[in-house]
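> quick one, structure for this:
(2 chains)
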Amino acid sequence: MTGRFAVMLRDAQFWVPVAVLVGGLLVLIWIR
Amino acid sequence: MDPVAPAPAPAALDPARLRGLQLAGVASGFTAGAWLGAAEAPTKMVVLGLSPVVISLAMVVGVFLARWSLPALLRGTTAIGADVRQAPHLVVWAVLAGCLWAVANTLTIYAIKDIGLSVAFPLWNANSLLGILWGAVFFNELRGAGWSRVVAVLGGAAVMCTGAALLAVASAAQAPAGHAARGVAAALAAGALWGTMYIPYRKAYLTGMNPLAFVTFFTVGELGMMSALALADRGGLGALVAELSGARDVLFWLLLGGFVWVVGDLFQQYAAKYVGISRGIPLSNTNQLWGLVWGLLVFGELHGGARATYAQVIGGSLLMALGAALIALASATGPEHRRWQEAAAREGQRYGIDPAVVRAGLAGESTAGPARRRTWLDWALVTSATAVFVALGLVARVPDLRLGWAWVAGLTLAMLALLGGTGILLWRTTRFN
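Predicted structure coming up:
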């Protein structure tokens, strides 16, 4: 893994959309 | 939250240049609204029992074709490749944003089914308020803007949400059946996903990436996630292919809807880049107004409706227009733009990106030197996408619908005028950077 991708994984801003995506998928599974 | 040390303060942008960029961004937001709103029109030509998820997938296929062919035509794959090499990690952000869009779009289908458009639309339209929050917290938007501008943006977004609620109540065709809690959860989740989707947008544009490069990878996430959702919904590849094959005489209209949507979305990307997400999202949310105009004038919706319905339509439209005008007039000034530059410099420092690329990106310029020629790959992409549209157009069935053709011509002319005017403005101001 290159330096920039490692920095990305430590970037708090990256995990906000990831968390929201996981939450959205869970809601989708629940309502179907 | 931010472990990176403060970056050195960048030089302020020339005020005339800043005004030009803000004008291009605001015009892009309004043009995005017009084209995104019109994207629904071709899909209304489809009157058959297709699954909503399959309709959404077919539109995304049109989106995918447009997102690979239009950037190739406007900028060329060589320039897009050069952009990506500057910051390859942004490809992951773009794919992530595409996944967020696909899940949100699917959630809205279920939300409409469970609680109806009138309740669902205002709930997910609150994405603009979330966008304002993310813009301020992560990207220094509205910082140093002065109270009058902050109040205008927040007030404008709130007024637009109220207008959107009135329009949604007026356009709700029928009462939905049950499952209120699930429907509300789906609509709120869709708003959260769409509001958060702009974090990757802003991240990419602060770092200097060209919107035409970003959307090329955004659509990979979009198509991948939508295909996975459609496969899960239909219960396998065989069933999905059979349904698509059975609908081949209407696929053209769905793909056309996706194509129109992409034109709007391209302008939405430029709005996010040049006026930020706190202003760009509410401006492109005027798409609801355009969708309603198409429905009323072309498809004859609400014909013979109650007086109260027309009052809601007029009141909601005026409120949306007022909110959009408030936001458009509260464009960023020098001190706020300096804070954007600081956020961009912090991004560049964190990810080790050439400061010249970051600075040029925010100023609407390019560091790539003279324009590159189109290659065989660019022409192959454009030709293939065109061939798919022509092939599906040849087998397309024109539904027997009574349409207001004079209004189709008038609205199409208005959209083309916005496309041409804003396109020329963007080209003169930024060269599509």
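
> please list the residues of chain A that sit near chain B.
Residues of chain A lying near chain B by CB under 8 Å from any CB of the partner chain: A:2-5, A:7-8, A:10-14, A:16-18, A:20-21, A:23-25, A:27-28, A:30-32. Where C-beta positions appear, they are placed from N, C-alpha and C, glycine not excepted.

> for the closest residue in space to residue B:107 that isn't next to it in sequence, pull up the helix or strand it's in.
What sits nearest to residue B:107 in space, not counting adjacent residues and going by CB to CB, 6 or more residues apart in numbering or on different chains, is residue B:190, at 4.1 Å. Here residue B:190, judged by DSSP states H and E, is contained in helix B:180-206.

> pLDDT at the residue nearest to residue B:107, what is it?
Looking at residue B:190, its pLDDT is 91.

> just give me the neighbour total for it.
Neighbouring residues of residue B:190 were enumerated by other CB atoms under 10 Å in any protein chain shown; the total is 29.

> which residues touch it?
For residue B:190, the contact set (CB atoms under 8 Å, 6 or more residues apart in numbering or on different chains) comprises A:24, B:104, B:105, B:107, B:108, B:111, B:123, B:124, B:127.

> if we use 10 Å, what do you get?
Applying CB atoms under 10 Å, 6 or more residues apart in numbering or on different chains to residue B:190 gives the contacts A:24, A:27-28, B:100, B:103-111, B:120, B:123-127.

> could you do residue B:88 as well?
Per CB under 10 Å, 6+ apart, neighbours of residue B:88: A:2, A:4, A:5, B:351.

> now do the contacts for the second one.
Right, residue A:4. Per CB under 10 Å, 6+ apart, neighbours of residue A:4: B:87, B:88, B:89, B:90, B:92, B:350, B:351, B:352, B:353.

> so the third one touches residue B:95, yeah?
No: with contacts defined as CB atoms under 10 Å, residue B:89 does not count as touching residue B:95, sitting 11.1 Å away.

> between these two, which is the more surrounded one?
residue B:89 (22 against 19).

> residue nearest the centroid of chain B?
Nearest to the mean C-alpha position of chain B, by CA atoms, centre = their mean, lies residue B:265 at 3.6 Å.

> can you tell me the helix or strand for it?
Residue B:265 belongs to helix B:251-275, assigned by DSSP H and E.

> so, in contact with chain A or not, the helix or strand following that helix?
Counting by DSSP H and E, the next helix or strand C-terminal to helix B:251-275 is helix B:277-284. No: on the criterion CB under 10 Å from any CB of the partner chain, helix B:277-284 is out of touch with chain A, staying 12.7 Å away.

> now restrict the contacts of residue B:88 to buried residues only.
Neighbour counting by 16 or more other CB atoms under 10 Å in any protein chain shown classes A:4, B:351 among the contacts of residue B:88 as buried.

> among the contacts of residue B:88, which lie within helices?
Using DSSP state H, the members of the contacts of residue B:88 that fall within helices are A:4, A:5, B:351.

> what residues does the second one make contact with?
By that I understand residue A:5. Contacts of residue A:5 by CB under 10 Å, 6+ apart are B:88, B:89, B:92, B:351.

> if we use 7 Å, what do you get?
Listed by CB atoms under 7 Å, 6 or more residues apart in numbering or on different chains, the contact set of residue A:5 reads residue B:89.

> now residue B:358, nearest residue through space, not along the chain?
residue B:348 (3.8 Å).

> wait, I meant residue B:374
That would be residue B:76: by CB to CB, 6+ apart, it lies 5.0 Å from residue B:374.

> try residue B:211
In space, residue B:211 is closest to residue B:269, 3.7 Å off (CB to CB, 6+ apart).

> so what's that neighbour scoring on pLDDT?
Looking at residue B:269, the pLDDT reads 88.

> and the one helix or strand residue B:245 maps to, average pLDDT?
Secondary-structure element containing residue B:245, defined by DSSP H and E: helix B:237-246. Helix B:237-246 carries an average pLDDT of 89.

> return the list of helices and strands in contact with that helix.
When contacts are defined as 3 or more CB pairs under 7 Å, 6 or more residues apart in numbering or on different chains; DSSP states H and E, helix B:237-246 sits against helix B:52-74, helix B:211-234.

> tell me the buried residues in the shortest one?
Pointing back at helix B:52-74 there. Result for helix B:52-74 [16+ other CB under 10 Å]: buried residues B:53-72, B:74.

> repeat for the longest one
The neighbour-count check on helix B:211-234 (16+ other CB under 10 Å) flags B:211-227, B:229-230, B:233-234 as buried.

> spell out which residues of chain B are next to chain A.
Proximity of chain B to chain A is confined to B:1, B:88-89, B:92, B:96, B:99-100, B:103-104, B:106-107, B:110, B:138, B:182, B:185-186, B:189, B:192-193, B:196, B:199-200, B:203, B:350-352 under the rule CB under 7 Å from any CB of the partner chain.

> which of these count as buried?
For the residues of chain B next to chain A, buried by 16+ other CB under 10 Å: B:89, B:92, B:96, B:99-100, B:103-104, B:106-107, B:110, B:138, B:182, B:185-186, B:189, B:192-193, B:196, B:199-200, B:203, B:350-351.

> contacts only, for residue 17.
Here I'm looking at chain A. Applying CB under 7 Å, 6+ apart to residue A:17 gives the contacts B:96, B:100, B:196, B:199, B:200.

> you answered for a different chain; I wanted chain B.
residue B:363.

> against residue A:10, how distant is it?
35 Å (CB to CB, to the nearest Å).

> likewise residue B:309?
53 Å.

> so for these two, which sits in the more crowded spot?
Between residue B:309 and residue A:10, counting by other CB under 10 Å, residue B:309 is the more crowded of the two (15 against 10).

> now what about the strand or helix carrying the more buried one, what contacts it?
Using DSSP H and E, residue B:309 sits in helix B:307-329. Helix B:307-329 is contacted by residues B:26, B:152-153, B:155-157, B:159-160, B:162-164, B:166-167, B:169-170, B:279, B:282-283, B:286, B:288-289, B:292, B:302 when judged by CB under 7 Å, 6+ apart.

> hang on, the earlier thing: so the residue nearest to residue B:374 sits against residue B:378, correct?
Yes: in terms of CB atoms under 7 Å, residue B:76 counts as a neighbour of residue B:378; the distance is 5.2 Å.

> compare the two and say which is more crowded by neighbours.
Higher neighbour count among residue B:76 and residue B:378: residue B:378, with 22 against 19, using other CB under 10 Å.

> chain A versus the more buried one, what's the distance?
27 Å (CB to the nearest CB, to the nearest Å).

> what's the neighbour count on residue B:140?
Using other CB under 10 Å, residue B:140 is surrounded by 22 other residues.

> what sits against it?
If a contact means CB under 7 Å, 6+ apart, then residue B:140 has B:339, B:340, B:342, B:343 as its contacts.

> leaving out chain neighbours, which residue sits closest to it?
residue B:339 (3.8 Å).
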